[in-house]
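K.L.:
Got a sequence here, can you model it:
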Amino acid sequence: MFRRSKTETPAPEATPKPDGKGRPTPSRKEAEAAARARAKVPRTRKEIAQAQRSARTESSQSVRAAMKAGDERYYLPRDKGPVRRFVRDFVDSRFSFIELMIPLLLVTMVLGYSGNERLASIGNTVLLGTILLVVVDMVLLRFRMRRQVAQRFPDEPTKGLTYYAITRALQMKFMRLPKAKVKIGQGLPEHYR
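P.N.:
Now for the predicted structure:
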């Protein structure tokens, strides 16, 4: 049995530098092979299509990530401008009945499949009442939003703003792109320019 003497100390463990890259430097052979693989030109139609598809996928993922982060350079043309930013904030800052729709649909389905006619009719009534509330909410959204846009942006065209606001309001808040920057009930800034 071997015993370690008291004078021996264990070898120090290599700790990565805080400013290091976190991986070993590739050898020259590996680096040249990687460069050749990147420079390889697709030869067949199938390889060309696959390369284009992967480039489109990478591009769309980077644009989507930038939109989620709030970078306005990558917004779609329909989302650009101070008026559209105000409409997004206006819709995001208010409570919408559409957010209650999915839980109420689940309740309606449970009541409908319960086998009891009375419960099924109550479920249908709740569903129709919710749809009516959503329609009334969208009409009120339109009038309030148009009034606010006319006050804040008197010289700007308002074509398409109602459709933009309603389509945004009909989406669940966590699914909206560009991401919501204001919370429900939060006051809106005075200027958007």
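K.L.:
Using the record's domain definitions, break the protein down for me.
P.N.:
Domain assignment for the chain by automatic domain parsing gives 42-74, 78-175.
K.L.:
Highest mean neighbour count out of those?
P.N.:
domain 78-175 (a mean of 15; mean count of other C-beta atoms under 10 Å). In short, each C-beta sits where N, CA and C put it, glycine included.
K.L.:
I'd like the average pLDDT over it.
P.N.:
Averaging pLDDT along domain 78-175 yields 90.
K.L.:
From one end of that domain to the other, what's the distance?
P.N.:
Its start and end residues considered, domain 78-175 measures 17 Å (C-alpha to C-alpha, to the nearest Å).
K.L.:
Give the next helix or strand downstream of the strand or helix carrying residue 83.
P.N.:
Here residue 83 sits within helix 82-92, counting by DSSP states H and E. Going down the chain from helix 82-92, the next helix or strand is helix 101-112, by DSSP H and E.
K.L.:
Remind me what that following helix packs against, helices and strands.
P.N.:
Judged by 3 or more C-beta pairs under 8 Å, 6 or more residues apart in numbering; DSSP states H and E, the packing partners of helix 101-112 are helix 117-152.
K.L.:
Who are the packing partners of the next helix or strand after the helix it packs on?
P.N.:
Next along the chain after helix 117-152, taking DSSP H and E as the criterion, comes helix 161-169. Applying 3+ C-beta pairs under 8 Å, 6+ apart, we find helix 161-169 packed against helix 82-92, helix 117-152.
K.L.:
outside of stretch 157-171, which residues touch it?
P.N.:
78, 83-84, 87-88, 90-92, 96, 98, 137-138, 141-142, 145-146, 149-150, 176 (C-beta atoms under 8 Å, 6 or more residues apart in numbering).
K.L.:
still on that earlier bit, any chance of the domains of the chain in CSV, plus distance to residue 29?
P.N.:
Output for these, formatted as CSV (distance: least, C-beta to C-beta, whole Å):
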stretch, distance to residue 29
domain 42-74, 24
domain 78-175, 48
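K.L.:
Residue 24 is nearest to which of the ones you listed?
P.N.:
domain 42-74 (26.0 Å; C-beta to C-beta).
K.L.:
avg pLDDT for that closest one?
P.N.:
Averaging pLDDT along domain 42-74 yields 86.
K.L.:
Please state the offset of it from the chain centre?
P.N.:
How far domain 42-74 lies from its chain's middle: 17 Å, per C-alpha atoms, centre = their mean, to the nearest Å.
K.L.:
on contacts alone, who are the packing partners of the helix holding residue 83?
P.N.:
Using 3+ C-beta pairs under 8 Å, 6+ apart: helix 82-92 touches helix 117-152, helix 161-169.
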